[in-house]
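Visitor: Sequence and computational prediction follow.
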Amino acid sequence: MLKVLHHHVREGLFEGIKRANADEQVRAIVIIGEGKTFPCGADIREFHTHASVKEPVLTAVGHTIENSGKPVISAIHGTALGGGLEIALCCHYRIASENARIGFPEVLIGLLPGAEGTVRLPRLSGLAFAMDMIAFGKQVNAKDAFRHGILDKLCNGNILEEAKQFATKVIGQPLDSRRLSRLDVKDAANVDLLFEVALAQVKRKSRGQIAPIYCLKSVRNSVRMSFDKAVEEEQRLIMELMTGYQSTALQYSFFADRSAPKWRLPCGASVHNTKPSRIETAGVIGAGTMGSGIAVCLIRAGVPVILVEKNKKMLEKAMKTISGILDGSVKLNRMTSEQKEQCLAILKGTSTLDKLSNVDMVIEAVYENLELKREIFAQLDKVCKPSTLLCSNTSTLDIDKIASATNRPDKVAGTHFFAPAFIMKLMENVYGTKTSPATVATVMEFGRRLGKELEATKEEIKNIRLHLTVTFCTIDL
Ligand SMILES: CC(C)(COP(=O)(O)OP(=O)(O)OC[C@H]1O[C@@H](n2cnc3c(N)ncnc32)[C@H](O)[C@@H]1OP(=O)(O)O)[C@@H](O)C(=O)NCCC(=O)NCCSC(=O)CC(=O)CCCCCCCCCCCCC(=O)O
Ligand SMILES: NC(=O)C1=CN([C@@H]2O[C@H](COP(=O)(O)OP(=O)(O)OC[C@H]3O[C@@H](n4cnc5c(N)ncnc54)[C@H](O)[C@@H]3O)[C@@H](O)[C@H]2O)C=CC1
């Protein structure tokens, strides 16, 4: 089972260290995760609940560990991430299995390692490595961590036995030099240069995101300020991030990303018992903001698209826009010029729906008008082959009302992309009362193929969902 630092785990650790310190028989303390891994961080589900701030908080646990008069050794196997690694950094020694991994993935959920991680790691690994790990959320393997001084020993046998042996060797050794809060930061003289280089990288790779910049600032503070002051500032920065829309959206996305592949409908159909059909070709109707963006997503994934737009000028404009978006990708080295040409070669523009007779799926993105959409779906029902899935990008309209304009409501679903569709990762797939499990399976699989983070939503709760997902629209990735 995955181990996270719920309140009761923090409490257990805190009480355990206190008990061990009070017990005369105990001469050294080993912290090890039961089962497959060391903790992989704070419990993200606990954030914004009382449990996240209930004592002992993670920093209090860390202080008890670091201030222990007996050597505390963390024995890491599996992954030590986030708050798990912060606990390890409070220990006097760290040993790890050769195949263990460590990291600070907080930035990926819009946060920073806010239990003193940004202030402790640079004291051990040096600034450059710490900036890289913290601002990019990179995980490193045990060998790399050992090379950078984060680990004291690599183990290839039974980690607990090796930890006990290690402990016997360090009993009685002075602990002050092992307490990171008492040490200086390595390569501190280069702080400004390292900060500027890392900041330029962050701005390029994580455009528009606040957390990576805060991560760097907090690591820089570890040099510019005393330990205590830097920690205080770290707290201020994490609270700002924690209450901001970016971290809310990224945390939502973290769970959506994991739950979507496990989708299950109330009727019992699920990803495990429903086979998706393969979408080889698609039609997109409406070449406005969304239709153009959706077409880009599809052709980038190698799906040939017929783009239907009734207004010829709009169609011409959309073709230029699409080409420009792909040029942008070439400039950013995300695709080659040849790949761009391949994408454009599988995009055809037209003004009439009858060209869609043979496509496997249609995504409609015309104005948000129920009558217009119903009219289009009724026509599509006549024009398209019986197996074609008919999907709408509607933000607010009832899928059932759109589906009832056709004789195939089982093959109608909402495929709700977010603007700009070629950047935003979220895709909300909405199923109506009559949408078949096979249709849900196919649109979910299709979204996965486009590289989207998916959400399968029932029509009735779509509007509530929208309230939750609206934050995604404002992230500039
Ligand atoms: C660990 C992984 C690498 C494992 O990967 P894998 O094996 O592929 O499994 P998954 O499918 O990813 O996960 C399995 C299962 O576990 C769930 N899960 C994973 N990690 C977490 C987690 N950290 N918390 C909760 N749940 C988790 C996952 O969702 C799956 O379950 P399912 O969804 O039911 O299927 C991989 O999972 C991974 O990389 N995990 C992320 C690890 C991570 O991000 N760790 C960092 C967490 S943040 C952290 O540690 C914080 C800190 O550094 C310190 C913060 C200080 C605290 C500040 C106090 C907060 C105060 C809040 C006040 C708010 C103010 C107000 O508004 O009131
Ligand atoms: N703009 C946004 O941020 C988002 C919009 N949506 C939804 O996506 C849909 C499209 O929105 P936008 O792209 O913003 O609209 P838009 O106004 O930019 O584009 C709509 C296009 O549809 C074309 N069109 C209208 N009737 C047509 C027909 N019968 N046949 C072919 N083309 C036709 C119009 O000429 C226009 O080019 C709407 O349902 C909207 O609610 C969903 C998510 C975000």
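Guide: Everything's here; your move. Ligands and ions are numbered 1, 2, ... in the order given.

Visitor: and the helix or strand where residue 402 lies, what other elements does it pack with?
Guide: Using DSSP states H and E, residue 402 falls within helix 399-403. Where contact means 3 or more C-beta pairs under 8 Å, 6 or more residues apart in numbering; DSSP states H and E, helix 399-403 is packed against helix 370-383, strand 389-392, strand 412-417. (Glycine included, C-beta is placed from N, CA and C.)

Visitor: Would you mind saying which of those lies nearest residue 65?
Guide: strand 412-417 (46.9 Å; C-beta to C-beta).

Visitor: Show the average pLDDT along that closest one.
Guide: When pLDDT is averaged over strand 412-417, the result is 96.

Visitor: Quick one: name the residues of the chain near ligand 1.
Guide: By C-beta under 6 Å from any ligand atom, the residues of the chain that approach ligand 1 are 2, 4, 40-45, 47-48, 52-53, 58, 79, 81-83, 86, 105-106, 109, 111, 113-115, 117, 238, 242-243, 255, 258-259.

Visitor: Drop anything exposed from these.
Guide: Buried by 16 or more other C-beta atoms under 10 Å: 4, 40-44, 47, 52, 58, 79, 81-83, 86, 105-106, 109, 111, 113-115, 117, 238, 242, out of the residues of the chain next to ligand 1.

Visitor: Give me the subset of the residues of the chain next to ligand 1 lying in strands.
Guide: 79, 81 (DSSP state E).

Visitor: End to end on stretch 116-131, go ahead and measure it.
Guide: 14 Å (C-alpha to C-alpha, to the nearest Å).

Visitor: mind listing what residue 7 touches?
Guide: Counting by C-beta atoms under 8 Å, 6 or more residues apart in numbering, residue 7 makes contact with 43, 46, 51-52, 54.

Visitor: With residue 170 instead?
Guide: With contact set as C-beta under 8 Å, 6+ apart, residue 170 has these partners: 28, 71, 73, 92-93.

Visitor: And the pLDDT at residue 428?
Guide: Note for residue 428: predicted pLDDT of 88.

Visitor: actually residue 124, not the one I wrote
Guide: Predicted confidence (pLDDT) for residue 124: 96.

Visitor: quick one: the strands in the stretch 301-450 of the chain?
Guide: 305-308, 347-350, 361-364, 389-392, 412-417, 426-431 (DSSP state E, counting those that start in this stretch).

Visitor: now the ones you listed as CSV including distance to residue 13?
Guide: Formatted as CSV, those follow (distance: least, C-beta to C-beta, whole Å):
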stretch, distance to residue 13
strand 305-308, 54
strand 347-350, 57
strand 361-364, 50
strand 389-392, 49
strand 412-417, 43
strand 426-431, 36
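
Visitor: Tabulate these (JSON lines), appending mean neighbour count.
Guide: Formatted as JSON lines, the strands of the stretch 301-450 of the chain follow (neighbours: other C-beta atoms under 10 Å):
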{"stretch": "strand 305-308", "mean neighbour count": "25"}
{"stretch": "strand 347-350", "mean neighbour count": "17"}
{"stretch": "strand 361-364", "mean neighbour count": "26"}
{"stretch": "strand 389-392", "mean neighbour count": "27"}
{"stretch": "strand 412-417", "mean neighbour count": "26"}
{"stretch": "strand 426-431", "mean neighbour count": "24"}
